[in-house]
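A.B. asks: With the sequence up front, the predicted model follows.
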Amino acid sequence: MGTTKKIGIITSGGDSPGMNAAIKSIVHYANMKNINCLGFKYGYDGLINNNYLLLSNNKVKDIIGFGGTIIGSGRSIEFLTKKGRKKAYKNYLYNKLDGLIIIGGNGTFTGVNKFTKEFNIPIIGIPGTIDNDIYGTDLTLGYDTALNTIIKTVDKIKDTANSNNRIFIVEVMGKKTGYLALNSGIALDALYIIFNREYNLKKLVSLLKKGNIFSKIIIVAENTKIGSASKKIYNFIKSSITNYEIRRTILGHIQRGGSPTCIDRILGIRLGLEAIKKIIKYDNNFVIGIKKNKIIHIPFEKSVRKKKIDINSIYIYNKFYNT
Ligand code: F6P
């Protein structure tokens, strides 16, 4: 173990607001310690193809408020193969790197887990995904911004829904976790939140038939067990009620973009700083997370465990609001 002279930074998976804040704090601290930072472009593919950007202080100067990631992100198919990971390792050695900081979600850390075991590289992970699906941390970079984007957007949908007396089914992202659905649903005062198996369409229809509902918004999580969730639910409700017109909106990738909220900026700065400090100390092989506002370390193996929302709270929400 020598002095740290050069590290690599990778953002991987779906981009998320706040990734740039993390990059900024890593680069500023590293440059202060005379450590060079190579930002590999478009995820693991950047390391596989040795495609990188030298990150000076000047390059990261104004990026704290930018959405996305200035080094690009991606889901590398090649990195899933041993051959691809070998190529990545070859470039790690070729560039004489002393460690990697990788920012991404659940899929990203599944890859890291294999990579560190195969090649014994010092790696630190930073949770960056709008899905909030990293086990052990309360928050991931981008989740708060995505949640706020959903709320701002659906508030607009509410205006038209109320004016035209229409029911709107709104599908939100979140992969297999329902964090975005649950918390946006509560904050939007949704009539119903649909996630996994915790819903009862017949009850929802009878509620709609009665009329006199307090909200016209139904939030549906993508990947609900029913399959292409919002479409099937839309068809079912449409064929069962006559007293309301019904429309369906898929919010889509708007949820991933935009300037990060204050929470995501500060989180990015804190996690980035901790990551670079730990790499320098040769203390590694974990994801840096946050629990009750305290920085914590989560071993890679643990970080990829299934993170479950409190499913009961969806059940209670739907029941409490609709009885
Ligand atoms: O993981 C982030 C995420 O936005 C998920 O919420 C969503 O399911 C997925 O990525 C969409 O992926 P893509 O950008 O490849 O369509």
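C.D. replies: Thanks, I have it.
A.B. asks: helix or strand for the closest residue to L201 other than its chain neighbours, which one?
C.D. replies: For L201, ignoring the flanking residues on the chain, the nearest one in space by CB to CB, 6 or more residues apart in numbering is F236 at 5.5 Å. In short, each C-beta sits where N, CA and C put it, glycine included. Using DSSP states H and E, F236 sits in helix 229-240.
A.B. asks: The lowest-mean-pLDDT helix or strand in the chain - contacts with which helices or strands?
C.D. replies: Using mean pLDDT, DSSP states H and E, the weakest-scoring helix or strand in the chain turns out to be helix 311-321, at a mean of 81. When contacts are defined as 3 or more CB pairs under 8 Å, 6 or more residues apart in numbering; DSSP states H and E, helix 311-321 packs onto helix 179-187, strand 192-194.
A.B. asks: Centre of the chain to that helix, how far?
C.D. replies: Relative to the chain's own centre, helix 311-321 is displaced by 24 Å; criterion: CA atoms, centre = their mean, to the nearest Å.
A.B. asks: Just the CA trace of it, in CSV.
C.D. replies: Provided in CSV are the C-alpha atoms of helix 311-321 (Å, rounded to 0.1, in the frame of the first residue of the first chain):
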residue,chain,number,x,y,z
ILE,A,311,-45.6,-2.5,2.5
ASN,A,312,-47.9,-2.2,5.4
SER,A,313,-47.9,1.6,5.0
ILE,A,314,-49.4,1.3,1.5
TYR,A,315,-52.1,-1.0,2.8
ILE,A,316,-52.8,1.4,5.7
TYR,A,317,-52.8,4.4,3.4
ASN,A,318,-55.3,2.9,1.0
LYS,A,319,-57.5,1.6,3.8
PHE,A,320,-57.4,4.6,6.0
TYR,A,321,-58.2,7.0,3.2
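A.B. asks: Would you mark the buried spots in that helix?
C.D. replies: For helix 311-321, burial by neighbour count (16 or more other CB atoms under 10 Å) applies to 313-315, 317-318, 321.
A.B. asks: Going by distance to the ligand, which of those wins?
C.D. replies: I314 (17.6 Å; CB to the nearest ligand atom).
A.B. asks: Who are the contact partners of the closest residue to the closest one other than its chain neighbours?
C.D. replies: Nearest residue to I314, sequence neighbours excluded (CB to CB, 6+ apart): E198, at 4.5 Å. Going by CB atoms under 8 Å, 6 or more residues apart in numbering, E198 touches 311, 314-315, 318.
A.B. asks: gap between E198 and S303?
C.D. replies: For E198, the distance to S303 equals 25 Å [CB to CB, to the nearest Å].
A.B. asks: Contact residues of the protein facing the ligand?
C.D. replies: 13-14, 105, 129-131, 173-175, 222, 256 (CB under 6 Å from any ligand atom).
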